[in-house]
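> heads up, no residue letters with this:
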């Protein structure tokens, strides 16, 4: 009997283990960049995710549609859709209005956002840590590119699109991911820092010197646009706590609570124009 | 022989599709549920017990890699741990009787605890500081996996027992 016949199980295990060790060895020096193989796996299986989530939503929709008053429901859906876009517009307009100095600048900024929103449904969350990434049902065919800003229903910052981006699916890095970084400023005191995630439902404001003034609890944080990814003036969250950093006394430890609610994030808006990507 | 491997690979692919569907449905229902419920582990355990170590290893590889591709973690870590999980689950279940519900649940609990330990150690070694226990909530995952996996077998037995004999 040949060796393959006698030691089939052990050889399969050895082969697969060697394959994985090789994969990990290749991945570690690469850092967070996605390999071609990983992207291929994502492309292959993300449509399954889309179909499964779509089926659940479809069944839920049929169930509700059947038992609810269908006419009212259709109208409700239409209004919800309108409210979604109006909310986005109002938020951006408010934020831009505060930032702009002249009417001409305001007009230019409004034109910048016109027709640049793509509504997307959340079809999946990170398999290892739900606070790191989500998968949305819009991809390169819908004009989605890497580093585009993603907001929730109310225009609050959710994160940015990252690779891999499929034809009809994309991955979004949440601002709660520990490798995420957003340049923010507090609206009252103008305290500026880098907001990083903690892979939990809160974030921390980094690189704020202990001598810096301001940053009171409850103060709102908005993007500055300094990171060249997120446009300036997007609402991010509020300061939850502030104190001295135990590990590094020269900095302050500031914890912020993002506005977007992780459990309610079903629909998002992707800004296809802006500093991060697109036109 | 080649036909068997090819068939096993195809079945493992279909098993992975099932795992992605279960994971997506769970995520759509309640994203926070994914901290305590790993659909990929449940699918690997269930099919490894049914089909043996070679199939378990193949399914573990596919499910693990898909889990990695839907995450920002190091690509291959879940692949390796699930390959070992699938192989050893299939291997051990061929040598001891894991049919009774309690024994089945205990066996799955032990296997998923080993997988979690391996995953934590590997992740900590490859990317230090990146393991997040979610305030200890993630430690419930092996228990939920064991209950879900053994319940699948119990449901399967119940359905079979309801089928009329000779049908």
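That came through fine. Everything quoted here is computed from the prediction, not taken from an experiment.
> So residue B:148 is in contact with residue B:36, correct?
No. Counting by Cβ atoms under 8 Å, residue B:148 does not reach residue B:36; the two are 10.3 Å apart. All C-beta spots, glycine's among them, are computed from the backbone N, C-alpha and C.
> So which of these two has more stuff around it?
residue B:148 (21 against 16; other Cβ atoms under 10 Å in any protein chain shown).
> and the closest residue to chain B within the stretch 151-279 of chain A, helix, strand or coil?
Residue of the stretch 151-279 of chain A nearest chain B, by Cβ to the nearest Cβ: residue A:199 (4.5 Å). Of the three states, residue A:199 takes coil under DSSP: H, G, I helix; E, B strand; the rest coil.
> so it sits right up against residue A:129, yeah?
Yes. With contact defined as Cβ under 8 Å, residue A:199 counts as touching residue A:129 (5.4 Å).
> Now do the contacts for residue A:37.
Contacts for residue A:37 were tallied using Cβ atoms under 8 Å, 6 or more residues apart in numbering or on different chains; they are A:23, B:75.
> cool, and residue A:166?
Residues near residue A:166 by Cβ under 8 Å, 6+ apart: A:42-43, A:46-47, A:139-140.
> between the residues you listed, which is nearest residue A:83?
residue A:139 (25.4 Å; Cβ to Cβ).
> Against chain B, how distant is that closest one?
Residue A:139 is 15 Å from chain B, where distance means Cβ to the nearest Cβ, to the nearest Å.
> phi, psi of that residue?
phi -140, psi -150 (degrees, to the nearest 10).
> now residue A:231
phi -60, psi 150.
> Test my guess that it contacts residue A:225.
Yes. Counting by Cβ under 8 Å, residue A:225 is a contact partner of residue A:231 at 5.7 Å.
> After the host helix or strand of residue B:27, which helix or strand is next?
Applying DSSP states H and E as the criterion places residue B:27 in helix B:2-29. Later in the chain than helix B:2-29, the nearest helix or strand by DSSP H and E is helix B:33-36.
> buried ones in that next one?
By 16 or more other Cβ atoms under 10 Å in any protein chain shown, the buried positions in helix B:33-36 come out as B:34-36.
> Then stretch A:209-222?
A:215, A:219-222.
> hmm, stretch B:29-49 in reach of chain A?
Yes. Shown here: stretch B:29-49 in contact with chain A (Cβ under 8 Å from any Cβ of the partner chain) through B:29-32, B:34-35, B:38, B:40.
> Neighbours of the closest residue to residue A:246 other than its chain neighbours, how many?
Spatial nearest neighbour of residue A:246, chain neighbours left out: residue A:253 (7.2 Å); criterion: Cβ to Cβ, 6 or more residues apart in numbering or on different chains. If you count neighbours by other Cβ under 10 Å, residue A:253 ends up with 17.
> SS state for residue A:253?
strand.
> Am I right that it is in contact with residue A:239?
No. Shown here, residue A:253 and residue A:239 do not form a contact pair, counting by Cβ under 8 Å, at 11.3 Å.
> Which single helix of chain A contains the most residues?
For chain A, the longest helix by residue count, based on DSSP state H, is helix A:36-67.
> so who does the closest residue in space to residue A:91 that isn't next to it in sequence touch?
Nearest residue to residue A:91 in three dimensions, chain neighbours excluded: residue A:155, at 2.9 Å (Cβ to Cβ, 6+ apart). Residue A:155 makes contact with A:87-88, A:90-92, A:95, A:234-235, A:269 under the criterion Cβ under 8 Å, 6+ apart.
> With pLDDT as new columns, can those residues be given to me in TSV?
Below are the contacts of residue A:155 laid out as TSV (pLDDT from 0 to 100):
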residue	pLDDT
A:87	79
A:88	75
A:90	76
A:91	73
A:92	72
A:95	68
A:234	89
A:235	90
A:269	88
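> Next, count neighbours for the nearest residue to residue A:128 once chain neighbours are set aside.
Nearest residue to residue A:128, sequence neighbours excluded (Cβ to Cβ, 6+ apart): residue B:71, at 4.0 Å. By the measure other Cβ under 10 Å, the count of residues near residue B:71 is 20.
> Report how many residues lie close to residue A:248.
Close neighbours of residue A:248, defined as other Cβ under 10 Å, add up to 11.
> And it, how far from residue B:124?
Using Cβ to Cβ, to the nearest Å, we find residue A:248 at a distance of 23 Å from residue B:124.
> same question, residue A:155
Residue A:155 is 38 Å from residue B:124, by Cβ to Cβ.
> Same check on residue A:194?
With Cβ to Cβ as the criterion, residue A:194 and residue B:124 are 25 Å apart.
> same deal with residue A:273?
Separation of residue A:273 from residue B:124 (Cβ to Cβ): 41 Å.
> before we move on, what about residue A:227?
From residue A:227 over to residue B:124 (counting by Cβ to Cβ), the distance is 29 Å.
> The two: which is more packed in?
Taking other Cβ under 10 Å, residue A:227 and residue B:124 do not tie; residue A:227 has more neighbours (18 against 12).
> wait, isn't that one in contact with residue A:180?
No. Residue A:227 is not in contact with residue A:180 according to Cβ under 8 Å; the separation is 10.4 Å.
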